[in-house]
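Asker: predicted model follows, preceded by the sequence.
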Amino acid sequence: MRVPTPSFMQVLKFGGTSVANGANILRVLDIVLEAARQDTVVVVVSALGGITDALMAAGQRAAAGQAAYQELLLHIEQRHLEAVKELIPVASQSAALSQVKRRCNELEAICSSVFALGELSARTLDRLMSFGELLSSQLVAARLQATGTAHAWHDSRALIRTNSRFGAAEVDFATTNQLIRDCVAAGPQAIHVVPGFIAADAAGTTTTLGRGGSDYSGAIFAVALQASRLEIWTDVSGMMTADPRLVRHAQPIAHISYQEAMELSHFGAKVLYPPTIQPVMHAGIPLRIKNTFAPADYGTLVEVAPPRTRDTVRGISSIGGLTLLNLEGSGMVGVPGFSKRLFEALARERVNVILITQSSSEHSISVAVGAADAERARTAVDEEFAHEISTRRLEPLRLETGLAIVALVGESMKNHPGISGRLFSALGHNGVNIRAIAQGSSEKNISTVIQASDVKKAINVLHEAFFEVEYKQINVFIVGVGNVGRKLLGQLQQQQRYLLDKLQLQLRVVALANSRQYVLDPNGLDLNTWEDRLAQGQELQLNDLVEQIHALNLRNSVFVDVTAAAEVADCYAALLAKSVAVVACNKVACASAYQNYARLKSLAREFNTSFLFETNVGAALPVIGTLNDLLRSGDVVQRMEAVLSGTLNFVFNHYDGRRPFAEVVRQAQDEGYTEPDPRLDLSGTDVARKILILAREAGVTMEMADIDNTAFLPAACLAGDVPAFYEQLAAHESHFRQLYDAATAAGRKLRFVASYNDGQAAVGLQAVGPDHDLYQLKGKDNVVLFYTNRYAEQPLVVKGAGAGADVTAAGVFADLMRAARV
Ligand SMILES: NC(=O)C1=CN([C@@H]2O[C@H](COP(=O)(O)OP(=O)(O)OC[C@H]3O[C@@H](n4cnc5c(N)ncnc54)[C@H](O)[C@@H]3O)[C@@H](O)[C@H]2O)C=CC1
Ligand SMILES: N[C@@H](CC=O)C(=O)O
C-alpha cells in the first residue's frame, strides 16, 4: 500500500437519494461548497433516485414492443424539469430546461430505435442508462452556474477509459489516470462536476461500470488525482453493524478497515459498491461514508488501521436469493481434479460462486450460487460429470433452494477463540438450521448458509449476541387469561421496566389468547391495554396462531400455556419442533400418555429449546426443580410422600361441620385454588396427575391408569356437570361430616395423600395423627417429602403454598425467565 503524497483534492460522491429532487440537491451543494472552501472538489453524481431503473424499464418495454415506454420517458423528463424549476430562478431557467429537453429528445430517439428493432443490446442499454447521470450532473452544474459559482462540468466518458464489456466495463487505469489528471488537475476551478457510473471504450462508445458504479467512479477519480480523501454521501450515517431494515438496534460503525469494509460490502451492506474499495485501499486514500441528510453525523471512516474497540465482530451482513449446489459421491475421494472440473464447468457458464465448502472426507463439495444461475449450473455440472454419474461414482448435482448467507465480519475475530461457538449457540437456541459454513483461514468472515426465511431472526439473534450484550429481547405468546393468566400479565406489566433496567431484558408479549379470541402484534402489546385489544381480537383458531408464530419466526420465542385445555397442549410438539420454548402450568400434556410426555421432552432437547412445567406440581414451589437437581447429581428417589392439592388441603383444614362441605369447596374455588373444573380436584384426578408427573420426572415409565386412586367422593357427585356436582356435595353433607367426625374422634386430621414407592403410586384420603409429617400442614399448603439414597432417614422436604393464582403466575414467570435463559 502506498502512502499518498499530500493533496488538496477531495472527491465527493452523491448517491441517488442525495440528489433525488431539487431540495436534496440544494443540501448536496451546501456540503460541496463547504468542502470547496478548503480544497479542490470533484463532485461525482449518481442519477436521481429511481431514474436508472426507469431508464432500464423504458428500454425493456421498447424492446418488447410496448409503446408504454413513452410514459416512462415522460416521467423521467418531468422529474428533471421539476428539479430545474426548484433549483434555478425563473429568469435563468431556460438554458437548463432546454438542456434537459435536448437530452430527453436524444433518449426518445434511442428508445424509438429500440422499439423499431425490437432489440435491446447491452451496448444500447449502457447508452440509455448513461442519461441518468448525464442529466443529474448537469442539473448540479446548472445550479452552480445560476448562483455564479465557478465550476467545470466534465463528461466522464471523456475521462474514464474502459474495455467494451458493456454493463460492467473494466477500467484501463493507466489511460484513465492520465486523462483525469490532464483535465481536472490542470483546470483552475475549485469545483468539478462529473457524472458517475459512465465511461467510454477506446472507440468512444458509452460503457457503464456496473450497478452502483458511481461509487467506483468516485474511487477512480480519487486515485487518479491522489485525493486526500474520498467521501461517499448517502442516506444513512455510515456502514451499519447490520441492515437497519432488519435490525432495529443496528448502529453505525465509526471506524473500519478496508478489508472489513470489503467483506461487508460484498455481503450485502448496500451502502458501498464493492469494487470501490480496492483502488482506494491500494492508493492508501481514506474513504468516508457520510449522510447527506445528517451531515454532522460522524459516518464511517474506512482506513488502514482503525482504532481497536471492544467489538471483535465489526458487522453482520447477509445475501439472499441463494441456492446450494451439492456435489456428492465416493468417486471424488482421493481423486485430484474434481474441484477443478466443477469450477471450470461453472466458470464456462459464467456462474458466480459465492461460497464454497468441502467436507474433509472429500465426499462432498457444496457451492452457493445465485438462484438465477442454479439451473444453468445444474445442467453444466451434470454434463461435465455425466460419465461419473452414469457409473454411480457421483450423484447428480443436488440443489437446495431458498437459502441465504449470514456472515460475521471482523478482523479481530482471528485473535478471539469462541466466536464461532457463540455464533452456533445463538443460532441453535433459536432453531436456525445451518446448512453450510465457510470460514477463510484469515478469519475475517465466518459465513453460514441458512434458510432465507430465518435471515431476519438470525441477524437479530447475532446482533444481540455480539453487539447488544446488555440487551436481549424475549417474545412471549400467552394462551389463557383467566385466574392465573391475568395475574401473570399483571406481574409482567409490573416487572417490564425492572427487567429492562436490571436484566437488560426486553420482554414483549406478542400474542394473547383466550378460548374465543386472540390478538397479535409483532411489535409487542401494551400490557396496560391488553384487555381492550383482546376484546377486539380475531376469532381463535389455534392452528392459525401456531402458524403465525412460525411465520413471525421471532428470536427467543416462548409460548406460555395458562389454560387447562387439551387442544392447547396438543400444539406443543409443533412449537418445540421449531425451537419455540414452551412453558405450561396446564398439566394435560405431562399427564397424557407417557409416549407424548417423553416425545415433548425429547423434542425440546432435539431442537435445543425448553419445555418447562414447574407449576404442574405444587404451583410455584420448587418441586420438579428439586427432584431434577437430586437426579442430576446422582441421587435415586426411593419414595415420595406428599400433599399435592391446595384445594383439598384448604377444604380439610377448613371443614369442621359448622359450614356445609359444599360451601367450603366453593370458597376454595372462589379463592382460585381449584382447577377450572373443581371436580378434578375433589375426585383426586389432579393429585393423581401430579404424582404421575413426579414419578415420570424421577425416571419411571408410568401411565395415569397405573395410579391407584381411592376416591372419597360418593359416585353421584361426579355424575353430572359442575352445578350438579355442587348440588350433590350438598346432598351428601352427612358423608363428609362422618369422615370428619371419625377422624376428629381419633385425634386425627384428614389429608389427601399422594405416595410413590418403588415404582407404585397411589392417592387417597388418610386420617393422620399428630406424629405424622403431614399433620401440621396449614391452609392451602402443599408438602413433598423426598426419600432418596442420600435422604434415607430424614426426607428432603419442600413445603409452602401449593395453589393460588398469584403464586402460580409467579412460578410461570420464573419458568419464562428460565426459558429465556436469563
Ligand atoms: N390455580 C392454581 O393454583 C393453579 C393452576 N394451575 C393451572 O393453571 C391453569 C389455568 O388455571 P386458571 O387460570 O385457574 O383457569 P381459568 O379457567 O381461570 O382460565 C383459563 C383460560 O384459558 C382459556 N382457554 C380455555 N380453553 C382454551 C382453548 N382451547 N384455547 C385457548 N384458550 C383457552 C380461557 O379462555 C381462560 O382465559 C390450569 O391448567 C391449572 O391447572 C397450575 C397450578 C396452580
Ligand atoms: N387445583 C390445584 C391447583 C394447582 O395445581 C390445587 O388445588 O392444588
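Answerer: Alright, I've got the coordinates. Numbering: from 1, shown residues only. Ligands and ions are numbered 1, 2, ... in the order given.
Asker: distance of Ala68 from Arg61?
Answerer: Using CB to CB, to the nearest Å, Ala68 is found at 6 Å from Arg61. Quick note: C-beta positions are derived from backbone N, CA and C, even for glycine.
Asker: compare these two (neighbour count), which wins?
Answerer: Between Ala68 and Arg61, counted using other CB atoms under 10 Å, Arg61 has the larger neighbour count: 21 against 11.
Asker: buried ones in the helix or strand harbouring the more buried one?
Answerer: Per DSSP states H and E: Arg61 is located in helix 51-63. Going by neighbour count (16 or more other CB atoms under 10 Å), the buried part of helix 51-63 is Ile51, Thr52, Ala54, Leu55, Met56, Ala58, Gly59, Gln60, Arg61, Ala62, Ala63.
Asker: farthest-apart pair in those, please.
Answerer: In the buried residues of helix 51-63, two members sit farther apart than any others by CB to CB. They are Ile51 and Ala63, at 18.7 Å.
Asker: which strands and helices lie in contact with the longest strand anywhere in the chain?
Answerer: Ranked by residue count and defined by DSSP state E, the top strand of the chain is strand 315-328. Where contact means 3 or more CB pairs under 8 Å, 6 or more residues apart in numbering; DSSP states H and E, strand 315-328 is packed against helix 258-266, strand 364-370, helix 374-384, strand 398-409, helix 455-467.
Asker: and these, which one averages the lowest pLDDT?
Answerer: Of all these, mean pLDDT reaches its minimum on helix 258-266 (a mean of 85).
Asker: any idea of the angle that one forms with strand 315-328?
Answerer: Here helix 258-266 points in a direction 70 degrees away from that of strand 315-328 (axes from the mean of the first three to the mean of the last three CA atoms, to 10 degrees).
Asker: which residues are in contact with helix 258-266?
Answerer: For helix 258-266, the surrounding residues in contact (CB atoms under 8 Å, 6 or more residues apart in numbering) are 239, 256, 271-274, 276-278, 280-281, 287, 300, 302-304, 314-315, 317, 407, 409-411, 444-445.
Asker: buried stuff in stretch 726-739?
Answerer: Quick answer for stretch 726-739 (16+ other CB under 10 Å): Tyr726, Gln728, Leu729, Ala730, His732, Phe736, Leu739.
Asker: show only the entries of those found in helices.
Answerer: Counting by DSSP state H, the buried residues of stretch 726-739 place Tyr726, Gln728, Leu729, Ala730, Phe736, Leu739 in helices.
Asker: same list (the residues you listed) but as TSV, adding distance to ligand 1 and pLDDT.
Answerer: Listed next are those as TSV, based on distance: CB to the nearest ligand atom, whole Å; pLDDT from 0 to 100:
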residue	distance to ligand 1	pLDDT
Tyr726	17	98
Gln728	22	98
Leu729	20	98
Ala730	23	98
Phe736	22	98
Leu739	24	98
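Asker: from these, pick the one nearest Leu120.
Answerer: Nearest to Leu120 out of these is Tyr726 (CB to CB; 82.9 Å).
Asker: right, and that closest one touches Phe661 too?
Answerer: No - contact between Tyr726 and Phe661 fails when scored by CB atoms under 8 Å: they sit 10.2 Å apart.
Asker: and the next helix or strand past the helix or strand of the chain with the lowest mean pLDDT?
Answerer: Ranking every helix and strand in the chain by mean pLDDT, DSSP states H and E puts helix 258-266 at the bottom, with a mean of 85. Next helix or strand after helix 258-266 toward the C-terminus (DSSP H and E): helix 277-283.
Asker: pLDDT weak spots in this protein?
Answerer: The chain contains residues with pLDDT under 70 at 1-7, 186-187, 266-269, 361-362, 440-442, 469-471, 822.
Asker: residues from it in reach of ligand 2?
Answerer: The chain comes close to ligand 2 at residues Ala619, Ser645, Gly646, Thr647, Tyr673, Thr674, Glu675, Asp681, Asp686, Gly802, Ala803, as judged by CB under 6 Å from any ligand atom.
Asker: how close does the last one sit to Ala565?
Answerer: What that stands for is Ala803. In terms of CB to CB, Ala803 sits 19 Å off from Ala565.
Asker: neighbour count for these two, which is higher?
Answerer: Neighbours per residue (other CB under 10 Å) separate Ala803 from Ala565, with Ala803 holding more: 28 against 16.
Asker: report the contact partners of the closest residue to the more buried one other than its chain neighbours.
Answerer: Of all residues not flanking Ala803 in the chain, Gly646 sits nearest, at 2.4 Å (CB to CB, 6 or more residues apart in numbering). By CB under 8 Å, 6+ apart, Gly646 lies in contact with Ala619, Ala668, Tyr673, Lys780, Asp781, Asn782, Ala801, Gly802, Ala803, Gly804.
Asker: ok, now with 7 Å
Answerer: Ala619, Tyr673, Lys780, Asn782, Gly802, Ala803, Gly804 (CB atoms under 7 Å, 6 or more residues apart in numbering).
Asker: related to what we said a few turns ago, take the residues of the chain next to ligand 2 and lay them out in JSON lines including secondary structure.
Answerer: Output for these, formatted as JSON lines (DSSP: H, G, I helix; E, B strand; the rest coil):
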{"residue": "Ala619", "secondary structure": "coil"}
{"residue": "Ser645", "secondary structure": "coil"}
{"residue": "Gly646", "secondary structure": "helix"}
{"residue": "Thr647", "secondary structure": "helix"}
{"residue": "Tyr673", "secondary structure": "coil"}
{"residue": "Thr674", "secondary structure": "coil"}
{"residue": "Glu675", "secondary structure": "coil"}
{"residue": "Asp681", "secondary structure": "helix"}
{"residue": "Asp686", "secondary structure": "helix"}
{"residue": "Gly802", "secondary structure": "coil"}
{"residue": "Ala803", "secondary structure": "coil"}
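Asker: which strands and helices sit next to the helix or strand harbouring Val665?
Answerer: Element membership for Val665, per DSSP H and E: helix 661-670. Applying 3 or more CB pairs under 7 Å, 6 or more residues apart in numbering; DSSP states H and E, we find helix 661-670 packed against helix 646-654, helix 722-731.
Asker: which parts of the stretch 501-650 of the chain are helices?
Answerer: For the stretch 501-650 of the chain, applying DSSP state H, counting those that start in this stretch gives helices covering 530-535, 542-552, 566-569, 572-576, 594-606, 623-632, 646-654.
Asker: most packed of those?
Answerer: helix 646-654 (a mean of 24; mean count of other CB atoms under 10 Å).
Asker: relative to helix 661-670, how tilted is that helix?
Answerer: Here helix 646-654 points in a direction 140 degrees away from that of helix 661-670 (the same axes, to 10 degrees).
Asker: off-centre distance for helix 646-654?
Answerer: Counting by CA atoms, centre = their mean, to the nearest Å, helix 646-654 is centred 48 Å from the centre of its parent chain.
Asker: for ligand 2, what's the nearest residue on the stretch 101-250 of the chain?
Answerer: Arg248 (39.3 Å; CB to the nearest ligand atom).
Asker: tell me the secondary structure for that residue?
Answerer: What three-state DSSP gives for Arg248 is coil.
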